[in-house]
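> need the 3D shape of this:
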Amino acid sequence: MNPLELEQMPPGFQDLALGSQTVFRGALQALSLPGRVFELPHPAAQLPDRGHSAAALLLLALLDSDCSLWLSPSLADSQAQAWLRFHTGCRCVDTPGAARFLWFGAADPWPALAQLDWGSDEYPDQAATCVIELPSLHDIQTTPLQLSGPGIEDCVHLHARGLPADFAAQWAANHAAFPRGVDAFLVAGRCISGLPRSTRLHPPLPTPLEP
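As a prediction, this is how the structure comes out:
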């Protein structure tokens with residue numbers, strides 16, 4: 001990083017401890033109540049030119065110098081990579097399966113979940129965490145995901161737009177590997193929804209026939 005790049009680098013949290021703790025508590029709340037949509041608290045921070053959303057703040061709070069990060073193509077070619085490396089000390093990798101954290105841009109193709117690090121039976125906590133940007137988490141025109149599992153009373157419907165057509169099948173395999181498997185945050189703008197590996201996705205309800 002040359003002096004000009006350093007001089008132009010947007011700052012991270014104005015108060016590092018308070019900002020990280022605030023966002024981390026929001027992330028834990030989302031994972032403890034899967035499928036619920038929350039507006040992530042936005043402590044003072046100047047975000048990079050790509051990633052003006054909760055996704056950037058999540059990773060700013062979650063990453064540190066021991067973490068490896070993979071970015072999807074549009075993010076890897078943006079200021080986001082240098083910004084996160086500078087403020088967190090994380091190590092960026094080119095292979096999705098080598099990453100502890102992954103950031104999927106909304107318009108980018110995804111690696112298959114099966115290609116990612118699912119951890120091991122001895123160390124399931126070492127599995128990858130995905131931060132997945134989507135166009136919307138409130139699109140009522142979208143067939144909702146139906147979620148059940150720990151933290152959910154009965155069933156929750158999540159109207160997430162932009163997921164791959166085979167996402168439910170990929171997540172079923174991920175869930176079946178529990179306690180192994182990846183965790184995910186679905187993100188749209190300032191909103192997040194947690195999707196831990198313990199959560200089960202159900203097939204959509206059939207559309208009623210017209211009388």
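> from residue 57, how far off is the spatially most central residue of the chain?
With distances taken as C-alpha atoms, centre = their mean, residue 131 lies nearest the centre of the chain, 1.6 Å away. Using C-beta to C-beta, to the nearest Å, one obtains 10 Å as the distance from residue 131 to residue 57. Just so you know, the C-beta spots here come from the backbone N, C-alpha and C atoms, and that holds for glycine as well.
> and if you look at residue 19?
Distance of residue 19 to residue 57, given as C-beta to C-beta: 8 Å.
> same question for residue 101.
To residue 57, residue 101 is 13 Å away according to C-beta to C-beta.
> same deal with residue 151?
22 Å.
> neighbour count winner among those two?
A side-by-side neighbour count of residue 151 and residue 57, using other C-beta atoms under 10 Å, places residue 57 first with 27 against 18.
> excluding residues flanking it in the chain, which one is nearest the more buried one?
Nearest non-adjacent residue to residue 57, counting by C-beta to C-beta, 6 or more residues apart in numbering: residue 23, 5.2 Å away.
> next up, identify which helix or strand the spatially closest residue to residue 32 that is not a sequence neighbour is on.
Excluding its sequence neighbours, the residue lying closest to residue 32 (C-beta to C-beta, 6+ apart) is residue 151, at 5.3 Å. Using DSSP states H and E, residue 151 sits in no helix or strand.
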